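Engineer: Build the 3D model from these lines:
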Amino acid sequence: MSRKLPLALGLVLSALLAQTVAMADALPPAAQWIPQDAIIVVEVSRPKAVLDFALDPKTTEAVTSQPVYQKAAAGPDFKQFMAVIAYLETMIGNDWKTALRKLTGGGVTFAAGPQGTVWLIVDAEDPKMLGELHKILLSFARDEAEKEGEPGRVATREYRGVTGWTFGGGEAHAIIGNRLLWSNKPEGLKAAVDLRAKAGGKSLASLAAYRDAKKAVGPEACATAFVNAQVIKQHPPIREALAGTSNPLAALLFSGVIESLRESNYLGLGLVVERETLTLRAAVDGRAADPSGATAFALPSRAEKPSQTQNPMQTEKGVLPNLPVPRRIAGLSFYRDLHAFYAAKDELFPERTSGLIFFENMMGIFFSGLDLTDEVLGETEPEVRFVVAQQEYDPAIGTPQLQIPAFAAIFRLHNPEQFGEIVEEAWQKAIGLTNFTRGQQAQPGLIIDRLSHGGTKFTVAYFRAPKEGDRRKIDQRFNFRPSLAAVGDFMILSSTDDLTKDLIDALQKEIADTVKPLVTAHSLVEVNGVQLASILDANRDNLVRQNMLKEGSTKEQAETQIGLLITIVEYLGQIKLNVATRDNRPQATLELKPNL
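Structural biologist: Numbers count the residues shown, from 1 in each chain. As a prediction, the model looks like this:
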């Protein structure tokens, strides 16, 4: 009999294990247990991909090497927390990283519904470990409840054949097979169990908008988010924001996107993790704009029958690539028909049109009475680009105490040879007005000169060099040497001549390489976190003083906060946002390459 007992126990354990696996396989997708009125749902279908990225040695080293982390790690609360983690590792027989992968390997779903109800569904790869962890936490909860004189705080109850638990605080949870089902309210847990039992009610999985959103972000996403736009749009601030905008700049940047969100049933997000790159894709189902309407100025299109002699930039419509220049902090490229935009101002922001009269009068002075809509903006092509770059200062002049990055706008013109002189005249009038204003205040003015770079002549205005003294903290006016240059069809308006020279080089190369637009894309933003952190670090002392004045922080606190900010920005690495219109619906892609 003694020899048969181990065999019998083995058969029983095998049967139980097989039953557990069968239960795990029989569990439906988590979305079938979430009520249809959920507002926001985040699903991590492949947690290992996310954990591999988050727990990569480079990532952990980047976090643990920071002074803020090291200071927190030296505190008693952190040490107590790590002691609890060490105890749990001993009890379950795995280190916390391995345990986390086993406990979440089947997927994690978070949902938020009306009245503040929240659900968390976790599918474990190791049901046994999940059960053991629950027993340990149950023991902890009971001990704490007894110490605080509330032994009834930890309770259990059966509902529809499911054993539910509460550790207090209003939460309720249950373990079904390999699945942890948790809610911050008992009613939330009951609603999920009702859906499991198919006792009336509709699940999120039956909602057409949810299914469409999942399809729109693509099957390769390891994590997705669904936002019920129909519910979110009822929130007063959001409803007001989507109703329209009276801000011309906001209308210029976001028209098309706002209209699409206004009509959308959902906002879908999908996260793709590939090596050391995170890509977040966003999709909605609302139409971007009426191609013949007022907001069509931001809709790229392709010529139906391009001729063989046409320039590729005339047949393929979309943003141009950002221009690569040394020390670039950010590059912004837009497809915006400025003529069509301003011609539709009465329809886009009618309450502001009367206030634009002063602006038009000023432009009339600079452009010798030319009509702003047709004779000025009508001379521009829709491709507009901006560049921001950190400066290198001439030691013979000095370095300003407050270092401001150089910036420039690049426009493409219809008739650069004819309209270029008009822009030159307007630019010189603006410099003259600046000098007149500064002269009234007894301040130094700008001196205009002509320079040449790469075979291109351009105009620059500069302040005369400061007198002898400390060249490390000169006046901030020396951040500026405004310049104007023309390269091919392009007009450069820059805050410094050094950036103008770099842009001349970049444009000449672009023209020689016949660079094509990014078809259907209308907005492209790229940010270099390392370079941005560099300019922040150059202004560290100014930022610390500003933090002390505004926040009332001590110098040590301000230095810690600014140091942390600069570190976070540096770790962001390369950021790229691409917004395009496909099938008259906007799609956005955000790409992040952390600097680890």
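
Engineer: quick one: the helices in the stretch 151-300 of the chain?
Structural biologist: 186-196, 208-217, 229-232, 236-243, 248-254, 257-263 (DSSP state H, counting those that start in this stretch).

Engineer: Out of the ones you listed, which gets nearest to Phe463?
Structural biologist: helix 248-254 (29.3 Å; CB to CB). Backbone N, C-alpha and C define where each C-beta goes, glycine included.

Engineer: For the closest one, buried residues please.
Structural biologist: When burial is assessed from 16 or more other CB atoms under 10 Å, helix 248-254 yields the following buried residues: 248, 251-254.

Engineer: do stretch 427-438 as well
Structural biologist: Quick answer for stretch 427-438 (16+ other CB under 10 Å): 427, 430-431, 435.

Engineer: Spell out which two among these are the most distant pair, please.
Structural biologist: Trp427 and Asn435 (12.9 Å).

Engineer: quick revisit: wait, which of the helices of the stretch 151-300 of the chain is closest to Lys48?
Structural biologist: Comparison of the helices of the stretch 151-300 of the chain against Lys48 by CB to CB identifies helix 208-217 as nearest, at 19.3 Å.

Engineer: so what does the closest one touch, helix or strand wise?
Structural biologist: strand 223-228, strand 266-274, strand 277-284 (3 or more CB pairs under 8 Å, 6 or more residues apart in numbering; DSSP states H and E).

Engineer: okay, the angle between it and strand 277-284?
Structural biologist: If you take axes from the mean of the first three to the mean of the last three CA atoms, to 10 degrees, helix 208-217 sits at 140 degrees to strand 277-284.

Engineer: Tell me the gap between helix 208-217 and the middle of its chain.
Structural biologist: Helix 208-217 has its average C-alpha position 21 Å from the chain's average C-alpha position, going by CA atoms, centre = their mean, to the nearest Å.

Engineer: Can I get it in CSV, CA atoms only?
Structural biologist: Provided in CSV are the C-alpha atoms of helix 208-217 (Å, rounded to 0.1, in the frame of the first residue of the first chain):
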residue,chain,number,x,y,z
ALA,A,208,-18.5,48.0,-31.5
ALA,A,209,-16.4,51.1,-30.8
TYR,A,210,-14.1,49.0,-28.6
ARG,A,211,-13.6,46.4,-31.2
ASP,A,212,-13.0,49.0,-33.9
ALA,A,213,-10.4,50.7,-31.7
LYS,A,214,-8.5,47.5,-31.1
LYS,A,215,-8.4,46.8,-34.8
ALA,A,216,-7.3,50.4,-35.6
VAL,A,217,-4.2,50.3,-33.5
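
Engineer: Name the residues of it that are buried.
Structural biologist: By neighbour count with 16+ other CB under 10 Å, helix 208-217 contains the buried residues 209-210, 212-214, 216-217.

Engineer: Show me what that helix is in contact with.
Structural biologist: Contacts with helix 208-217, where a contact means CB atoms under 8 Å, 6 or more residues apart in numbering, come from 31, 41, 204-205, 224, 226, 228-230, 265-270, 281-283, 285.

Engineer: if we go to 6 Å?
Structural biologist: Residues outside helix 208-217 that contact it (CB atoms under 6 Å, 6 or more residues apart in numbering): 204, 224, 226, 265-266, 268, 270, 281, 283.

Engineer: any idea of the mean pLDDT for it?
Structural biologist: When the per-residue pLDDT values of helix 208-217 are averaged, the result is 94.

Engineer: okay, the angle between it and strand 223-228?
Structural biologist: Using the same axes, to 10 degrees, helix 208-217 lies at 140 degrees relative to strand 223-228.

Engineer: Could you shift the numbering so residue one becomes 6, and keep it that way?
Structural biologist: That works, and once the first residue is 6, the last one we named lands at helix 213-222.

Engineer: which of the helices and strands packed on helix 213-222 is buried the deepest?
Structural biologist: strand 228-233 (a mean of 22; mean count of other CB atoms under 10 Å).

Engineer: and that strand, which strands flank it?
Structural biologist: strand 45-49 (antiparallel), strand 271-279 (antiparallel) (DSSP bridges).

Engineer: residue ranges with poor pLDDT in the protein?
Structural biologist: Under the criterion of pLDDT under 70, the regions of the chain flagged as low confidence span 6-30, 249-251, 294-295, 297, 306-320, 475.

Engineer: what does the domain assignment say about it?
Structural biologist: Residue ranges of the domains in the chain are recorded as 28-210, 215-287, 305-524, 534-601, according to automatic domain parsing.

Engineer: Redo the buried residues of stretch 432-443 as CSV? Include secondary structure.
Structural biologist: Shown next, in CSV, are those (DSSP: H, G, I helix; E, B strand; the rest coil):
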residue, secondary structure
Trp432, helix
Ala435, helix
Ile436, helix
Asn440, helix
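
Engineer: could you dump those to a markdown table with distance to Glu130?
Structural biologist: Formatted as a markdown table, the entries for the buried residues of stretch 432-443 read as follows, by distance: CB to CB, whole Å:
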| residue | distance to Glu130 |
| --- | --- |
| Trp432 | 66 |
| Ala435 | 66 |
| Ile436 | 68 |
| Asn440 | 72 |
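
Engineer: Phe354: which of those residues is nearest?
Structural biologist: Using CB to CB as the measure, the one of those that approaches Phe354 most closely is Ala435, at 25.2 Å.
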